[in-house]
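here is my input, please return the structure:
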Amino acid sequence: MNQLIPAVTGNVTARQPDSMSNAVTGSVHWGVAQIKVLLDLPFSDLIHRAQLVHRQHHDANAVQLSTLISVKTGGCSEDCGYCPQAARYHTGVEDQDMLSLGQVVVAARAAKAQGASRFCMGAAWRGPKQRDIDKIVEMISSVKALGLETCATLGMLKPGQAEQLRQAGLDYYNHNLDTAPEFYGEIITTRDYQDRLDTLEQVRATGMHVCCGGIVGMGESRHARAGLIAQLANLDPYPESVPINHLVQVAGTPLHGTEALDPLEFVRTIAAARIAMPKAMVRLSAGRQEMSEAIQALCFLAGADSIFYGDKLLTTGNPEVQRDDALFKKLGLHSL
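Residues are numbered from 1 along each chain as shown. This next block holds a predicted model:
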């Protein structure tokens, strides 16, 4: 049975998800139409709702800082329409060898010195071979020894690989759903939606935390954005970390030239994710550097409480870090 949540202003109401709670996780089922109702709310009502939920579960002025490094760049065999690392697209990104253990440790130390608490390692390939896993587990163990949380995004995993990563000390495994099931085929054809769900199931089975989100601004409808949030919220349990990416258009990729998403629509997506997954860390992810300070501030107001920080790691001053520090000071935010 659906329940009505009292209106936050005027006579606006929105429906809660069907009250089919999972006895173990306390999760509830969100229908796509119910997420769409949230996205259709007047903007101030939606943001107010998201703030209320956010303050129930999180420090409203705290933001978790993660740093992302590519340990293997370029040459990927997949055809993700947004990605400049796909070998089939001419984007100027060259196929590079995997970074050495020493290079990764240096980068992790720099990230920690700049204030990051989580270090994320990504690789451009369909999925890792065992020889790749052998190198990655060394990286994970070494980064973990520095006192950082660890995250990896390595594509589809074969049976047993998730457990190897967990034993090495991996805290989070990232594997995004990208978009709603009905729009997915417009973006990628070299792997199925179910392939992504299967990898997430393997990760969950090991007890590792899941980092899983998607990308908006790829030409999808608001209904498709609702479908993405519903898919994420209905994972049992929903992800501990939910990165919401704004498409960064790269010349040479099929999605270059896509009509840009209204920035306020991105803020709405953040708010809906916060309401549907109240305890998750909702990360303001790719595309943030192209956003104004005002839009970023609205994202934090809507419930974003994690960012990628200092993406371009330098051993000396990092202008991106300095800009973020200045924005945090303006907004009265502090890092977790």
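
can you map out the strands along the stretch 151-300 of the chain?
172-174, 209-211, 214-216, 241-246, 281-284 (DSSP state E, counting those that start in this stretch).

report how many residues lie close to L197.
16 (other CB atoms under 10 Å). Just so you know, the C-beta spots here come from the backbone N, C-alpha and C atoms, and that holds for glycine as well.

quick one: it from N234, how far?
11 Å (CB to CB, to the nearest Å).

give me the pLDDT for the nearest residue to A50 once chain neighbours are set aside.
Nearest residue to A50, sequence neighbours excluded (CB to CB, 6 or more residues apart in numbering): A271, at 3.8 Å. At A271, the model reports a pLDDT of 98.

A271 against S44, yeah?
No - counting by CB atoms under 8 Å, A271 stays clear of S44, with 10.8 Å between them.

the more surrounded of these two?
Neighbour count, other CB under 10 Å: between A271 and S44, A271 has more, with 31 against 11.

any idea how far the more buried one is from R225?
11 Å.

can you check A280 too?
For A280 relative to R225 (CB to CB), the value is 17 Å.

now swap in A113 and tell me
Applying CB to CB to A113 and R225 gives a distance of 37 Å.

low-confidence bits of the stretch 201-336 of the chain, can you list those?
311-319 (pLDDT under 70).

at 50 what do you get?
Scanning the stretch 201-336 of the chain for pLDDT under 50 picks out the ranges 313-317.

in it, mark out all the helices, start to finish.
In order along the chain, the stretch 201-336 of the chain carries the following helices (DSSP state H, counting those that start in this stretch): 222-233, 263-276, 293-301, 319-331.

tilt between the longest one and helix 222-233?
Between helix 263-276 and helix 222-233, the angle formed by their directions is 30 degrees, by axes from the mean of the first three to the mean of the last three CA atoms, to 10 degrees.

how about helix 263-276: buried residues?
Neighbour-count burial for helix 263-276 flags 263, 266-276 (criterion: 16 or more other CB atoms under 10 Å).

also the third one?
Buried positions in helix 293-301, judged by neighbour count with 16+ other CB under 10 Å: 295-301.

between those residues, which is closest to D325?
Ranked by distance to D325 (CB to CB), the buried residues of helix 293-301 are led by Q296 at 13.2 Å.

that closest one contacts Q289, doesn't it?
No - between Q296 and Q289 there is no contact, the gap being 9.9 Å when judged by CB under 8 Å.

mind putting the strands of the stretch 151-300 of the chain in a markdown table, distance to S70 and mean neighbour count included?
Below are the strands of the stretch 151-300 of the chain laid out as a markdown table (distance: least, CB to CB, whole Å; neighbours: other CB atoms under 10 Å):
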| stretch | distance to S70 | mean neighbour count |
| --- | --- | --- |
| strand 172-174 | 13 | 24 |
| strand 209-211 | 16 | 22 |
| strand 214-216 | 17 | 26 |
| strand 241-246 | 15 | 26 |
| strand 281-284 | 17 | 26 |
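
could I get those as a markdown table with distance to E201?
Shown next, in a markdown table, are the strands of the stretch 151-300 of the chain (distance: least, CB to CB, whole Å):
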| stretch | distance to E201 |
| --- | --- |
| strand 172-174 | 11 |
| strand 209-211 | 10 |
| strand 214-216 | 18 |
| strand 241-246 | 17 |
| strand 281-284 | 21 |
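
which stretch among the ones you listed comes nearest C83?
That would be strand 214-216 among those, by CB to CB, at 9.8 Å.

residues in contact with that closest one?
The contact list for strand 214-216, computed with CB atoms under 8 Å, 6 or more residues apart in numbering, reads 82, 176-179, 225, 228, 232, 244-247, 261, 265-266, 269, 286.

residues touching the residue nearest to A50, list them.
Applying CB under 8 Å, 6+ apart, we find A271 in contact with 38, 46-47, 49-50, 302-303.

pull out the buried members of the residues you listed.
38, 46-47, 49-50, 302-303.

tell me the centre residue of this structure?
P243 (1.6 Å; CA atoms, centre = their mean).

how about that one, what does it touch?
P243 sits next to 174, 176, 211-213, 283, 285-286, 306 when contact means CB under 8 Å, 6+ apart.

just give me the closest of the residues you listed to T73.
Among the contacts of P243, and counting by CB to CB, the member closest to T73 is A286, at 15.4 Å.

skipping its backbone neighbours, what lies nearest the closest one in space?
Leaving aside its sequence neighbours, A286 sits nearest to N245 (CB to CB, 6+ apart; 4.0 Å).

please compute how far stretch 146-156 lies from its chain's middle.
13 Å (CA atoms, centre = their mean, to the nearest Å).
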